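Provided below for reference: sequence and predicted model.
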Amino acid sequence: MKPFVTAERLRELLDCDPAAGTFRWKARRKGVQIGALAGAISSATGYRIIKIDQRLYFAHRLIWFFVHGVWPGADLDHINRQRADNRIANLRPATRSQNQGNTISWRTNTSGYRGVRRTRYGRWKATISKNCCLIHLGTFDTPEEAHAAYCAEAKSFWGEFAREG
């Protein structure tokens, strides 16, 4: 596997605007003009991907490296949950668990509340996933009560990374 790009090589190839969260090519590349926006949004993941020296990089990780001079740890969280918004102000280091706390509800969610689903008996069940374990928070008469239980647990577990929606 090719080694990660160095800071010197990154600065040789790309101009970075951390406030805008963008990279533009400084060097002429095959099929790319100088000044062109670097990378493309992946249709599979929604993240901007940039290819440098035959290796693919997530743009948000490159921006962190460009600004801080070190590669980010395991995860970087997009605070506003917009995967293509790579402004440095929108990025924060996170554990995998914290990053999961800042995700949206599943598309299959029919209750309208994260962590809440209807039981086959017509009541509402609240659950939360912690460290790959699903934890039952209780069964409630209304989805709002179940959602309140979820929110309280999410706040205590993920703190600032917790999302209610």
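Received the coordinates, thanks.

Return the set of residues that bridge with the nearest residue to T119 once chain neighbours are set aside.
Here the nearest residue to T119 in space, its sequence neighbours aside, is K125; by CB to CB, 6 or more residues apart in numbering that works out to 5.2 Å. Bear in mind the C-beta positions are built from the backbone N, C-alpha and C, glycine included. Note on K125: beta-bridge partners R117, T139, judged by DSSP bridges.

State the distance from K125 to V116.
7 Å (CB to CB, to the nearest Å).

higher neighbour count, the two?
V116 (25 against 20; other CB atoms under 10 Å).

D85 in helix, strand or coil?
Here D85 is recorded as coil under DSSP: H, G, I helix; E, B strand; the rest coil.

rewinding a little: spit out the contact partners of the residue nearest to T119.
The neighbours of K125, taking CB atoms under 8 Å, 6 or more residues apart in numbering as the test, are 116-119, 136, 138-140, 146.

Buried subset of the residues you listed, written for PyMOL?
Buried residues within these, by 16 or more other CB atoms under 10 Å, are selected in PyMOL with:
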select buried, resi 116+117+140+146
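
could the contacts of K125 go into JSON lines alongside distance to L37 and pLDDT?
Shown next, in JSON lines, are the contacts of K125 (distance: CB to CB, whole Å; pLDDT from 0 to 100):
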{"residue": "V116", "distance to L37": "40", "pLDDT": "87"}
{"residue": "R117", "distance to L37": "41", "pLDDT": "86"}
{"residue": "R118", "distance to L37": "45", "pLDDT": "86"}
{"residue": "T119", "distance to L37": "49", "pLDDT": "86"}
{"residue": "H136", "distance to L37": "47", "pLDDT": "89"}
{"residue": "G138", "distance to L37": "49", "pLDDT": "88"}
{"residue": "T139", "distance to L37": "50", "pLDDT": "92"}
{"residue": "F140", "distance to L37": "48", "pLDDT": "90"}
{"residue": "A146", "distance to L37": "44", "pLDDT": "87"}
